[in-house]
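1. Sequence and predicted structure, then a few things I'm wondering about:
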Number of protein chains: 4
Amino acid sequence: MQRLDLLTATRIASHAIGHARETGFKPLAVAVLDAAGHPLAVLRDEHASFLRPQIATGKARGCLGMGFGGRELARRAQVMPAFFDAINSLTGGEVIPVAGGVLIRNAEGWILGAIGISGDTSDNDERCALRAIDQAGLVADHGDQPAG
Amino acid sequence: MQRLDLLTATRIASHAIGHARETGFKPLAVAVLDAAGHPLAVLRDEHASFLRPQIATGKARGCLGMGFGGRELARRAQVMPAFFDAINSLTGGEVIPVAGGVLIRNAEGWILGAIGISGDTSDNDERCALRAIDQAGLVADHGDQPAG
Amino acid sequence: MQRLDLLTATRIASHAIGHARETGFKPLAVAVLDAAGHPLAVLRDEHASFLRPQIATGKARGCLGMGFGGRELARRAQVMPAFFDAINSLTGGEVIPVAGGVLIRNAEGWILGAIGISGDTSDNDERCALRAIDQAGLVADHGDQPAG
Amino acid sequence: MQRLDLLTATRIASHAIGHARETGFKPLAVAVLDAAGHPLAVLRDEHASFLRPQIATGKARGCLGMGFGGRELARRAQVMPAFFDAINSLTGGEVIPVAGGVLIRNAEGWILGAIGISGDTSDNDERCALRAIDQAGLVADHGDQPAG
């Protein structure tokens, strides 16, 4: 795949929400964005609270805007809090540096987009993201390895 | 139905985009919001331009925020331009007064949510909205009859 | 060409500013954005006033966000002023509906990005845009023909 | 030189991006601003992530707005975090206090402008800035000596 399309994005988002339901996680919102940071599918479980879609979108958009998965963003925010504070004032909060934002890559390693999830703990949000990307035959990059 | 759920919202949004594709309309973005104005499903055809999801959301949110379909909002904006300018400065553009925003009601007439569509002409955007609501067994209120 | 690169974008922007200087137009700012609306090259003649880069970026970004050249946006804004007022409140002024914003297409008609120019009259801004795109072997779409 | 012009600014920005490419650094965005903080040249490598131009501009603008190079800003932000938080709320994130923002001075020591770079580590961003300023025959002030 060279470019995320709406059908794939909707499947990924639906799968993540479905997985949370089956597992007994809290209700989620999920945002799947294209490589440029523009939304393809933003879904909210009708029982999820109402800021969740915005937070999910921010998690995904921050990964794409900076080029790292959410765990790497979190690591950097801990080391450089003033930098991340400044970025968020600058961009109106576009970089949410926690787990649950995951880059979506194809088999060749190119970034196709990102998913952001909010609703349960960051770790559980991320679990749903990884599973949904995997199930679509794509490659998840959540920033587990410190970026070079 | 007493309350829109994610599944219904996703079906409505997908149906509207599919109908545009079959008909040869331009690529659309569609937002389906619950009665409180919060998103359940926002989908963007991967060929739609990137401001469309925001505009679609604004069309739907304006209908819910004011309690009228998009045609009635358009009618009022023409008669009272200073009022709508002021509302938009006040709310950061939450009321987009054109066709393509449609209230979703149940058989008893209660508002369950709204759909907003952007991408083709306002009239064609609205056609897709009406058809998708109808196909879900719900009642569309696009503001065709001037509200009392 | 399938995707604008920095080198091409810088050449287009430099050419537009050079053309204004040779012709005796007022000093310009020029923004060249990729298809997703993100900047590749934003240049300001040192004699151009300081809001010009922001306006140039807005002209280009509005074309991409809505999918039309600046002349078509201007035509629509005249017919639907309330819609464009609302969009600008919503997006923080991302749609500047005047000539001087031009879509950049390749020979197959795909949108590669857009250029926005500000500094002289809108017509002269646009002249520089058209010439710079043409000189790069790409196709300008300034919205001269009303969009369907 | 008494005043940065567009040609010099474009050369500095292009040189910095070229140096990153040759060295194998990550793709960069570079902003060169005049002494008043207004952009002359903002360039983004087509492979750099999309928040980079905004961050690069913020790094340069913070140096000019406060009168120190990025390292001195970083030093102060560590000592006075509440002050920098307040500045960023006040100014919408105009002060990004990390390495990679560098004042550009002439031989007499007058500030002509600043460069901001984002894309690789702050240290590597700064290396590209120093080299590009040097190559233009101008004097870099990255705030390495604590300001008085």
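-> Nice, thanks for sending it over. Remember, predicted model here, so these are calculated numbers, not experimental data. Numbering: from 1, shown residues only, chains lettered A, B, ... in the order given.

2. Contact partners for the spatially closest residue to A:G109 that is not a sequence neighbour?
-> Among residues not flanking A:G109 along the chain, A:V139 sits closest, at 7.4 Å (Cβ to Cβ, 6 or more residues apart in numbering or on different chains). Every residue, glycine included, has its C-beta placed from N, CA and C. Under the criterion of Cβ atoms under 8 Å, 6 or more residues apart in numbering or on different chains, the neighbours of A:V139 are A:104-107, A:109, A:133.

3. can you give me the offset of the longest helix seen in chain A from its chain's centre?
-> Among the segments of chain A that qualify as a helix by DSSP state H, the longest is helix A:6-23. Counting by Cα atoms, centre = their mean, to the nearest Å, helix A:6-23 is centred 13 Å from the centre of its parent chain.

4. What are the contacting residues of that helix?
-> For helix A:6-23, contacts defined as Cβ under 8 Å, 6+ apart pick out A:1, A:25-28, A:30-32, A:34, A:40-43, A:45, A:104, A:113, A:115, A:117, A:119-120, A:124, A:127-129, A:131-133, A:135-136, A:138, B:6, B:10, B:14, B:17, B:43-46.

5. among the contacts of A:V139, which two are most distant?
-> Greatest spacing in the contacts of A:V139, by Cβ to Cβ: A:G109 and A:I133 (13.8 Å).

6. more crowded one of the two?
-> A:I133 (26 against 8; other Cβ atoms under 10 Å in any protein chain shown).

7. how about stretch A:27-45: buried residues?
-> By 16 or more other Cβ atoms under 10 Å in any protein chain shown, the buried positions in stretch A:27-45 come out as A:27-35, A:37-45.

8. Stretch A:90-109 too?
-> Using 16+ other Cβ under 10 Å as the test for burial, stretch A:90-109 gives A:90-91, A:94-105.

9. quick one on the thing from earlier: nearest to B:Q145, of the contacts of A:V139?
-> The nearest member of these to B:Q145, counting by Cβ to Cβ, is A:I104 at 45.7 Å.

10. Now for A:R11, how many residues are close by?
-> By the criterion of other Cβ under 10 Å, A:R11 has 15 neighbours.

11. again with A:L112
-> A:L112, neighbours per other Cβ under 10 Å, totals 22.

12. A:V79 now?
-> When counting by other Cβ under 10 Å, one arrives at 8 neighbours for A:V79.

13. And for A:Q2?
-> Using other Cβ under 10 Å, A:Q2 has 7 neighbouring residues.

14. show me the contacts for the closest residue to it other than its chain neighbours.
-> Spatial nearest neighbour of A:Q2, excluding adjacent residues (Cβ to Cβ, 6+ apart): A:N106 at 7.1 Å. Applying Cβ under 8 Å, 6+ apart, we find A:N106 in contact with A:1-2, A:112, A:138-139.

15. Tell me the residues of chain A that contact chain D?
-> Neighbours of chain D within chain A, by Cβ under 8 Å from any Cβ of the partner chain: A:36-37, A:64-67, A:80-83, A:85-91, A:94-95.

16. and with 7 Å instead?
-> Residues of chain A lying close to chain D by Cβ under 7 Å from any Cβ of the partner chain are A:36-37, A:64-67, A:80, A:82-83, A:85-87, A:89-91, A:94.

17. Taking the centroid of chain A, which residue is nearest it?
-> A:G116 (2.2 Å; Cα atoms, centre = their mean).

18. Now the helix or strand encompassing A:R76: average pLDDT?
-> For A:R76, the element it lies in under DSSP states H and E is helix A:70-79. Helix A:70-79 shows a mean pLDDT of 94.

19. which secondary structure elements does the following helix or strand past it contact?
-> Once the chain leaves helix A:70-79, the next helix or strand it forms, by DSSP H and E, is helix A:81-91. In terms of contacts (3 or more Cβ pairs under 7 Å, 6 or more residues apart in numbering or on different chains; DSSP states H and E), helix A:81-91 is packed against helix D:52-66, helix D:81-91.

20. now, of those, which is deepest in the fold?
-> Compared across those, helix D:52-66 shows the largest average neighbour count, a mean of 27 (mean count of other Cβ atoms under 10 Å in any protein chain shown).

21. which helices and strands does that helix pack with?
-> Using 3+ Cβ pairs under 7 Å, 6+ apart, helix D:52-66 sits against helix A:81-91, strand D:29-34, strand D:39-44, helix D:70-79, strand D:101-105, strand D:111-118.

22. now the angle between helix C:52-66 and it, please.
-> Here helix D:52-66 runs at an angle of 160 degrees relative to helix C:52-66 (axes from the mean of the first three to the mean of the last three Cα atoms, to 10 degrees).

23. where in chain A is pLDDT low?
-> Under the criterion pLDDT under 70, the flagged ranges of chain A are A:145-148.

24. let's see 50
-> A:148 (pLDDT under 50).

25. Residue of it nearest chain C, please.
-> Nearest to chain C in chain A, going by Cβ to the nearest Cβ, is A:A36, at a distance of 3.0 Å.

26. just checking, that residue touches C:L64?
-> No - counting by Cβ atoms under 7 Å, A:A36 stays clear of C:L64, with 10.2 Å between them.

27. My reading is that A:A48 lies in a helix. Confirm?
-> No - counting by DSSP: H, G, I helix; E, B strand; the rest coil, A:A48 falls outside a helix, being coil.

28. which ones are touching the nearest residue to A:G67 once chain neighbours are set aside?
-> Residue nearest to A:G67 in three dimensions, not counting chain neighbours: D:S49, with 3.8 Å by Cβ to Cβ, 6+ apart. By Cβ atoms under 7 Å, 6 or more residues apart in numbering or on different chains, D:S49 lies in contact with A:64-67.

29. Turn those into TSV, columns for distance to C:G143.
-> Putting the contacts of D:S49 into TSV (distance: Cβ to Cβ, whole Å) gives the following:
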residue	distance to C:G143
A:L64	29
A:G65	30
A:M66	34
A:G67	34
